[in-house]
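S.K.: I would like the atomic coordinates for the input below:
(one chain, ligands or ions: 1)
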Amino acid sequence: MCSNGRCKNTVGGFSCKCNQGYALDENGIKCIDIDECSILHGVCGDGTCRNTPGKFICDCKEGYESTMMMQVCMGKQYDLLQAEHDWNL
Ligand SMILES: [Ca+2]
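M.R.: You can find the predicted model right below:
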C-alpha cells in the first residue's frame, strides 16, 4: 500500500502521504499519477502536454522551448526581441 507515496502510522490505522505529482485514490491506500494535462488546461502554452508518471512534459513546437523554471513553451529570446522591435514601428 501507499505505492508512489509514504505510509504514515496513525492511531488506529495509517495514512498515505503521496509523492509530488501523485494524489491519493478514492480508497486512500495508494497514490495514483495526476494527469496534469487534463487538470491544468493549456499548461504548456503553445506546446503539447504529455502526461508522465509523477510529472508531465511539454512538447514544444519549433521555435518555442520550455523554460527550466516553468513547464511552459515560450518563444525563444530572439523571437521576443523581434516582436518588441515590430511593436516600435
Ligand atoms: Ca502526471
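
S.K.: which strands border the strand or helix carrying residue 14, and is each parallel or antiparallel?
M.R.: Secondary structure assignment for residue 14, by DSSP states H and E: strand 13-18. According to DSSP bridges, strand 13-18 has the following sheet partners: strand 5-10 (antiparallel).

S.K.: list the contacts of the partner strand.
M.R.: Residues outside strand 5-10 that contact it (C-beta atoms under 8 Å, 6 or more residues apart in numbering) are 1, 14-19, 22, 24, 30-31. C-betas here are computed from N, CA, C, even on glycine.

S.K.: neighbour-wise, which of those residues leads?
M.R.: In terms of neighbours by other C-beta atoms under 10 Å, the contacts of strand 5-10 top out with residue 31 at 22 neighbours.

S.K.: separation between the residue lying closest to residue 58 once chain neighbours are set aside and residue 10?
M.R.: Once flanking residues are discounted, residue 58 sits nearest to residue 44: 3.7 Å by C-beta to C-beta, 6 or more residues apart in numbering. Note on residue 44: its distance to residue 10, by C-beta to C-beta, to the nearest Å, is 38 Å.

S.K.: how many residues are close by residue 51?
M.R.: 16.

S.K.: partners of it in the sheet?
M.R.: Under the criterion used (DSSP bridges), residue 51 bridges to residue 56.

S.K.: just to revisit the earlier point, between residue 44 and residue 10, which is the more surrounded one?
M.R.: For the pair residue 44 and residue 10, the greater number of neighbours falls to residue 44 (24 against 8), based on other C-beta under 10 Å.

S.K.: per-residue confidence for the more buried one?
M.R.: pLDDT for residue 44: 81.

S.K.: distance of residue 48 relative to residue 63?
M.R.: The spacing between residue 48 and residue 63, counted by C-beta to C-beta, is 14 Å.

S.K.: backbone phi and psi for the closest residue to residue 52 other than its chain neighbours, please?
M.R.: Leaving aside its sequence neighbours, residue 52 sits nearest to residue 33 (C-beta to C-beta, 6+ apart; 7.9 Å). Here is the backbone geometry of residue 33 (degrees, to the nearest 10): phi -60, psi 140.
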